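Colleague: pasting the sequence and the predicted model now:
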Amino acid sequence: KKPAFKLLDKAIKWCMKHDLKVIVDLHVLRSHHFNVAESRTLWDEESAQLQFIEFWKDLSSKLKKYPNDMVAYEPMNEAVSDNPEDWNKLINWVISEIRQIEPERTIIMGSNNWQQAWTFPDLRVPENDKNIILSFHIYTPMPLTHWKAPWTNFYRYTGPVQYPGMILDTTDLAGLDQETHEAISNYVKVYDQDVLRHEIMVAVDRANELGLPLYCGEFGSFPSTEIKMRQAWYEDMITIFNENDIAWAHWNWKNDFPLINAETTEPISDLMDILIH
């Protein structure tokens, strides 16, 4: 435990040295994994919920020394519950506990079901707490941003995708096994900037209603997708973010959704130029 806190302290100090703001995020729990349904016992086990609360009380007491304008907390990444009220109860509980230790700490609050924007109407936000930033993640449309990604339930589909426009052609789905066909056939529709904007506006409208800032904590595209389509998608995303004053963070710098070339470690200028400019 002590070595872990020591490493966390070092990482925060490295960031502050270079004027980088920090979000301390609990990404995966033993009792909850956003991509593993069998590892979501959090919603049924009171002991797991208490452990989660105690963890954040402990972490808050350790990190309260850092300035509020440099360090924020995101209690949990991409909650996934069949009942949105499960997440509402837990996130409001943990925020209330943190508030007893740090009344003014900035807290990042995401919605249920992988923080998708369409679930924002179900999110119950603490009243009169202006030190909250609402957060959503977006990878719409998944067959584009996750084409050939091995952890998806449609990874066996290796046919063409298109963006903008009709992302899939039904003729390209012929011959797929039933599981893959069921997983991907729902995406046979048109996707363009207007469709993305319509999805994101659900979160924008809720943030405006509550008078809270909005932050896209994750977006990106798997590198198997053809670069020109990735460019078009990135340009549309950045346009929508700028239109609505949405802060954002790309997922990620390297590995699964890279912005650098794995072999040369040089930035992928086709994408970086869009994000930076």
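Modeller: It's in.

Colleague: quick one, helices of the stretch 151-277 of the chain?
Modeller: The residue ranges that make up the helices of the stretch 151-277 of the chain, judged by DSSP state H, counting those that start in this stretch, are 178-184, 193-210, 227-243, 269-276.

Colleague: want to throw the ones you listed into a markdown table with mean pLDDT, distance to residue 92 and mean neighbour count?
Modeller: Glycine gets a C-beta too; all of them are placed from N, C-alpha and C. Below are the helices of the stretch 151-277 of the chain laid out as a markdown table (pLDDT from 0 to 100; distance: least, C-beta to C-beta, whole Å; neighbours: other C-beta atoms under 10 Å):
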| stretch | mean pLDDT | distance to residue 92 | mean neighbour count |
| --- | --- | --- | --- |
| helix 178-184 | 94 | 33 | 15 |
| helix 193-210 | 98 | 14 | 17 |
| helix 227-243 | 98 | 27 | 18 |
| helix 269-276 | 94 | 34 | 14 |
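
Colleague: which is the next helix or strand following the helix or strand containing residue 9?
Modeller: Residue 9 is part of helix 2-17 when elements are defined by DSSP states H and E. Past helix 2-17, further along toward the C-terminus, the next helix or strand under DSSP H and E is strand 22-25.

Colleague: now for the next helix or strand after that next one, which elements pack on it?
Modeller: Beyond strand 22-25 in the direction of the C-terminus, DSSP H and E gives the next helix or strand as helix 46-63. Applying 3 or more C-beta pairs under 8 Å, 6 or more residues apart in numbering; DSSP states H and E, one finds that helix 46-63 makes contact with helix 2-17, strand 71-74, helix 84-101.

Colleague: of these, which is nearest residue 142?
Modeller: In this view, the helices and strands packed on helix 46-63 are compared for proximity to residue 142 by C-beta to C-beta, and helix 84-101 is the closest at 20.9 Å.

Colleague: let me see the mean pLDDT of the closest one.
Modeller: Here helix 84-101 scores 97 as its mean pLDDT.

Colleague: tell me the mean pLDDT over the helix holding residue 9?
Modeller: When the per-residue pLDDT values of helix 2-17 are averaged, the result is 92.

Colleague: distance from stretch 78-91 to the middle of the chain?
Modeller: Relative to the centre of its chain, stretch 78-91 is centred 15 Å away, using C-alpha atoms, centre = their mean, to the nearest Å.

Colleague: list the buried residues for that stretch?
Modeller: Along stretch 78-91, the positions that meet the burial threshold by neighbour count (16 or more other C-beta atoms under 10 Å) are 78-81, 84, 86-88, 90-91.

Colleague: that older thread, can you say which of the helices and strands packed on helix 46-63 is packed in most?
Modeller: Among those, ranked by average contacts under mean count of other C-beta atoms under 10 Å, first place goes to strand 71-74 (a mean of 20).

Colleague: which residues does that one contact?
Modeller: For strand 71-74, contacts defined as C-beta atoms under 8 Å, 6 or more residues apart in numbering pick out 12, 21-26, 56, 59-60, 63, 98, 105-108, 110, 133, 135, 217.

Colleague: sec struct for residue 150, please.
Modeller: In three-state terms, and counting by DSSP: H, G, I helix; E, B strand; the rest coil, residue 150 is coil.

Colleague: wait, residue 102 sits on residue 57?
Modeller: No - Residue 102 is beyond contact range of residue 57, at 10.4 Å (criterion: C-beta atoms under 8 Å).

Colleague: residue 219 versus residue 55, what's the distance?
Modeller: According to C-beta to C-beta, to the nearest Å, residue 55 stands 28 Å off from residue 219.
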